[in-house]
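Enquirer: Below is the sequence, then the predicted model.
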Amino acid sequence: MKKKIVCVLVTIAVLAAALCMTACSGSDLESISVRGQTAYFVGDDFAGATLTAIYADGKREQVDVTADMMKGFDTSFAGSRTVLIEYGGLTAEFALTVSDIFASSLSLSDDIVTQYALGAEFGENDVSAILTYNNGNAETINVTEDMLSGFDTDSAGNKTVTLTYGTLETSYEISVAKSLSDAANAEGTYKLQAEDADYSDLSGAATQSADVEKLENMTQPAGGGEEYSNGAEGYSTANISVNGNTISVSFFLEEAGTYTTGMRAQSGNGKGLKDASLAELLALTVNGVSRE
């Protein structure tokens with residue numbers, strides 16, 4: 001009796017399996033389509049794609065495309081090509097475009113050196129730049145002097161330096177100044193004269209037509225037709241026209257520390273000040289910041 005029951009159960013199980021196989025194979029695959037990334041750069045790996053399978057009974061199925069399903073996927077060189085996807089005996093194709101990688105923009109890092117002493121050389125770690133590529137990647141490169149034009153520390157002043165990398169360019173400003181140690185006196189004080197071309201830039205000041213390295217002489221007659229003294233040491237002028245004049249002073253310090261800056265105005269006989277305080281006559285700006 002037990003043997004018969006087992007035989008019946010096995011027969012039923014086999015018949016059920018046969019029915020399932022018949023039902024499953026009855027829905028034929030009619031079409032497949034593929035959707036995925038079609039634009040690549042040289043050297044890119046496959047970014048994935050999704051295959052949609054449609055069966056005769058209307059059923060839809062989505063399948064992740066794997067490497068063994070593809071033929072013709074290759075990003076080792078630039079150009080257009082067709083990739084074939086095989087699934088369930090059917091084949092779908094999609095167009096693939098592979099582009100070369102190139103630097104699309106050039107910018108400077110934030111920590112570049114922009115201040116140099118007169119005669120200083122360009123340092124190997126002075127400037128770095130960021131190259132951004134058309135695929136979105138970026139890298140930092142170290143800048144060498146042969147990439148630069150306009151770098152000059154033979155004379156003091158502000159200079160525009162241009163960095164060229166391939167077809168890309170960017171510019172930045174450097175400031176070149178004489179070492180302040182050359183202006184130290186016996187008391188250890190640094191003394192600069194307004195007309196000292198090694199440190200001062202008079203391009204924004206009113207200068208004498210006969211001597212553009214001296215400030216404009218606005219000497220006016222005093223009572224009795226006398227004129228104010230022409231000043232001391234042969235480089236100053238009496239009653240210098242301060243109003244509207246801009247004098248830029250640049251210098252280079254080799255040693256870090258705290259330094260005190262000051263200004264002194266001098267008139268031949270004091271009349272030029274007209275009893276006004278220096279704060280009313282002179283304005284000091286350091287690196288664009290007003291100082292009192």
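Expert: Done, it's in.
Enquirer: What separation do you get for residue 126 and residue 33?
Expert: Going from residue 126 to residue 33 by Cβ to Cβ, to the nearest Å gives 57 Å. From N, CA and C alone the C-beta is placed, and that goes for glycine too.
Enquirer: Looking at those two, which is more packed in?
Expert: residue 126 (20 against 13; other Cβ atoms under 10 Å).
Enquirer: and residue 181, which of the three is it?
Expert: The three-state assignment at residue 181 reads helix, by DSSP: H, G, I helix; E, B strand; the rest coil.
Enquirer: Just give me the neighbour total for it.
Expert: There are 13 residues near residue 181, going by other Cβ under 10 Å.
Enquirer: okay, it: pLDDT?
Expert: Residue 181 carries a pLDDT value of 72.
Enquirer: residue ranges of the helices in the stretch 1-150 of the chain, please?
Expert: 2-24 (DSSP state H, counting those that start in this stretch).
Enquirer: how about the strands of the stretch 51-200 of the chain, start to end?
Expert: Chain-ordered strands for the stretch 51-200 of the chain, with DSSP state E, counting those that start in this stretch as the definition, fall at 60-64, 70-71, 79-87, 90-99, 103-108, 115-117, 128-133, 138-142, 148-149, 157-165, 168-177, 200-201.
Enquirer: mind putting those in CSV, mean pLDDT, distance to residue 248 and mean neighbour count included?
Expert: As requested, the strands of the stretch 51-200 of the chain are exported to CSV (pLDDT from 0 to 100; distance: least, Cβ to Cβ, whole Å; neighbours: other Cβ atoms under 10 Å):
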stretch, mean pLDDT, distance to residue 248, mean neighbour count
strand 60-64, 95, 66, 11
strand 70-71, 95, 66, 14
strand 79-87, 95, 57, 15
strand 90-99, 94, 49, 15
strand 103-108, 96, 24, 15
strand 115-117, 87, 14, 17
strand 128-133, 96, 28, 16
strand 138-142, 95, 32, 12
strand 148-149, 96, 24, 16
strand 157-165, 92, 9, 15
strand 168-177, 92, 10, 16
strand 200-201, 72, 4, 18
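Enquirer: Nearest to residue 250, out of those strands?
Expert: strand 168-177 (3.9 Å; Cβ to Cβ).
Enquirer: List the strands paired with the closest one, with their directions.
Expert: strand 115-117 (parallel), strand 157-165 (antiparallel) (DSSP bridges).
Enquirer: picking that back up, of all the strands of the stretch 51-200 of the chain, which one is nearest residue 43?
Expert: It's strand 90-99; of these, that one is closest to residue 43 (Cβ to Cβ) at 9.1 Å.
Enquirer: just checking, what packs against that closest one?
Expert: strand 29-36, strand 39-41, strand 79-87 (3 or more Cβ pairs under 8 Å, 6 or more residues apart in numbering; DSSP states H and E).
Enquirer: The longest one to strand 29-36, inter-axis angle?
Expert: Okay, so that is strand 79-87. 140 degrees (axes from the mean of the first three to the mean of the last three Cα atoms, to 10 degrees).
Enquirer: Name the surrounding residues that touch strand 79-87.
Expert: 32, 34, 49, 51, 53, 63, 65, 69-74, 91-98 (Cβ atoms under 8 Å, 6 or more residues apart in numbering).
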